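Engineer: My questions concern the predicted model and sequence given below.
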Amino acid sequence: MEKYNLSFLKIRSFTSYILKTNLFRQMSWYTIAQVFIQGASFISVVIVSRYLGPTNLGLYSFVQNYVGAFLTVVSGMDFYFTWKLTKSSEPFVELKKYIGHKLNIYIILSVVGISSAWYILPRDIALLVTIMMFVIFLQSLNTFFIYAVITNRAKLIASVQIFVAFVLLTFKVFLVIFKAPLYLFIVASSIDLFLSGFIFSIYFLRIKECRETFSSFKLVSVLSSVSFLYSIRLSILALIFFQLLMRIDQLILATFSSAYTLGIYSAAVKISDIPNFLAGILSTALTSRIAHISTQSNDKSKNNLKYIMFYYIGMGIIIS
């Protein structure tokens, strides 16, 4: 036990040292989190792609895109309720109302998605879709993430996102080691949909005001949820078209090509997108830091600029 405690203290000391370095102090928590998330995603894509092979990977990608196409409907609600939560004097009341609406919409979408899958898709693929959509109602808990954002809980958000990325990567590695079937990778994707929201909900429900507000939680009427969706139809349509733009290539390719071809294509897209995404994150962070430092005219700011440039050159080489 003493040996374990000593090792834990060493790891904690090393982590604290790393977080105090100039590299981490010059980067935002959101940037740090995305570097870890995209790094874990890159490793995950490579390992899962090599294990599943093109055909199973094609089925895996199709199921994710099929379910994701249904979930775009709910994303339009986030803009409205982010604004409502920010302005509200009783944010937990708005949060409870929003979760009620989301639960209704997710239940409707899961019924429509599962029914249509069994009607138009082969039975084995419909089963995979059912596994993933069966738990999407839990994604309503991701509403707590929005509250974390508007209350500026950057460190909390980054910590949860890094933890979730690590857990999912570890889970997928174990699935590969034990030669798990395809449906268990779909289960992993299902967990990915709600795990962070579940953690945020536990965190905020520790707050007395939040706990008291949700102690009387009741579902809002389905009719009011549908009416609400109609009232923000333009926002939803805009996001649906944007999200379809991101997925349309794989959805169309699946209609006239084989799962084998789709698997090769989706793996190439995912692997190439992650380094590009990382480069975009670091570029945005670099721009914001330069803008901040440029307002200072002392020698220290110049040295800070040099440090940042060297850090980002190093990170750029690693990403390349």
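Structural biologist: Sure thing, it's come through. If you're wondering where the values come from, they're calculated on a predicted model, not measured in any experiment. Numbers count the residues shown, from 1 in each chain.

Engineer: use CA for all of it now, contacts and neighbours both
Structural biologist: Noted.

Engineer: Okay, now the unreliable bits of the stretch 51-200 of the chain?
Structural biologist: For the stretch 51-200 of the chain, the stretches with pLDDT under 70 are 75-76, 79.

Engineer: which other helices and strands contact the strand or helix carrying residue 162?
Structural biologist: Following DSSP states H and E, one finds residue 162 within helix 154-177. Using 3 or more Cα pairs under 8 Å, 6 or more residues apart in numbering; DSSP states H and E, the elements in contact with helix 154-177 are helix 29-87, helix 143-150, helix 182-204.

Engineer: Just give me how far the second one sits from the chain centre.
Structural biologist: Read that as helix 143-150. The chain centre lies 13 Å from the centre of helix 143-150; the measure is Cα atoms, centre = their mean, to the nearest Å.

Engineer: The helix holding residue 162 versus helix 182-204: what angle between them?
Structural biologist: 160 degrees (axes from the mean of the first three to the mean of the last three Cα atoms, to 10 degrees).

Engineer: now the closest residue to residue 63 other than its chain neighbours: how far from residue 135?
Structural biologist: Excluding its sequence neighbours, the residue lying closest to residue 63 (Cα to Cα, 6 or more residues apart in numbering) is residue 129, at 5.8 Å. Residue 129 is 11 Å from residue 135, where distance means Cα to Cα, to the nearest Å.

Engineer: more crowded one of those two?
Structural biologist: Neighbours were tallied for residue 129 and for residue 135 using other Cα atoms under 10 Å; the higher tally belongs to residue 129 (25 against 17).

Engineer: Contacts only, for the more buried one.
Structural biologist: Residues near residue 129 by Cα atoms under 8 Å, 6 or more residues apart in numbering: 63, 66, 67, 114, 117.

Engineer: which of those residues has the most neighbours?
Structural biologist: Highest neighbour count within the contacts of residue 129: residue 63, with 25 neighbours (other Cα under 10 Å).

Engineer: Return the residues in contact with it.
Structural biologist: 125, 128, 129 are the contacts of residue 63 under Cα under 8 Å, 6+ apart.

Engineer: Which residues belonging to the one helix or strand the first one maps to are considered buried?
Structural biologist: According to DSSP H and E, residue 125 maps onto helix 123-133. Under the neighbour-count criterion of 16 or more other Cα atoms under 10 Å, helix 123-133 has 125, 126, 127, 128, 129, 130, 131, 132, 133 buried.

Engineer: What distance do you get for the third one to residue 182?
Structural biologist: Relative to residue 182, residue 127 is positioned 11 Å away (criterion: Cα to Cα).

Engineer: what does residue 99 give?
Structural biologist: 31 Å.

Engineer: Show me which of these two is the more surrounded one.
Structural biologist: residue 99 (23 against 15).

Engineer: Nearest residue to the more buried one in space, please, no chain neighbours.
Structural biologist: Excluding its sequence neighbours, the residue lying closest to residue 99 (Cα to Cα, 6+ apart) is residue 140, at 5.6 Å.

Engineer: quick one: what helix or strand has residue 92 in it?
Structural biologist: Using DSSP H and E, residue 92 maps to helix 91-120.

Engineer: sorry, that was for residue 220
Structural biologist: Of the helices and strands defined by DSSP H and E, none includes residue 220.

Engineer: and the gap between the closest residue to it other than its chain neighbours and residue 160?
Structural biologist: Sequence neighbours aside, residue 100 is the residue nearest to residue 220 in space, at 5.5 Å (criterion: Cα to Cα, 6+ apart). Distance, residue 100 to residue 160, by Cα to Cα: 24 Å.

Engineer: Let me see the contact set for the residue nearest to residue 99.
Structural biologist: For residue 140, the residues meeting the contact criterion (Cα under 8 Å, 6+ apart) are 99, 102, 103, 106, 194, 197.

Engineer: Need the phi and psi values for it.
Structural biologist: Main-chain torsions, residue 140, degrees, to the nearest 10: phi -60, psi -20.

Engineer: Could I get the phi/psi values of residue 205?
Structural biologist: Residue 205 adopts backbone torsions of phi -70, psi -10, taken as degrees, to the nearest 10.

Engineer: Burial check on it, number of neighbours?
Structural biologist: Neighbour number of residue 205 under other Cα under 10 Å is 16.

Engineer: hang on, it packs against residue 211?
Structural biologist: Yes. Counting by Cα atoms under 8 Å, residue 205 does reach residue 211; the two are 5.0 Å apart.

Engineer: could you list every residue that touches residue 117?
Structural biologist: 125, 126, 129, 130.

Engineer: got JSON lines for the residues you listed, with distance to residue 54 too?
Structural biologist: Below are the contacts of residue 117 laid out as JSON lines (distance: Cα to Cα, whole Å):
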{"residue": "125", "distance to residue 54": "15"}
{"residue": "126", "distance to residue 54": "19"}
{"residue": "129", "distance to residue 54": "19"}
{"residue": "130", "distance to residue 54": "22"}
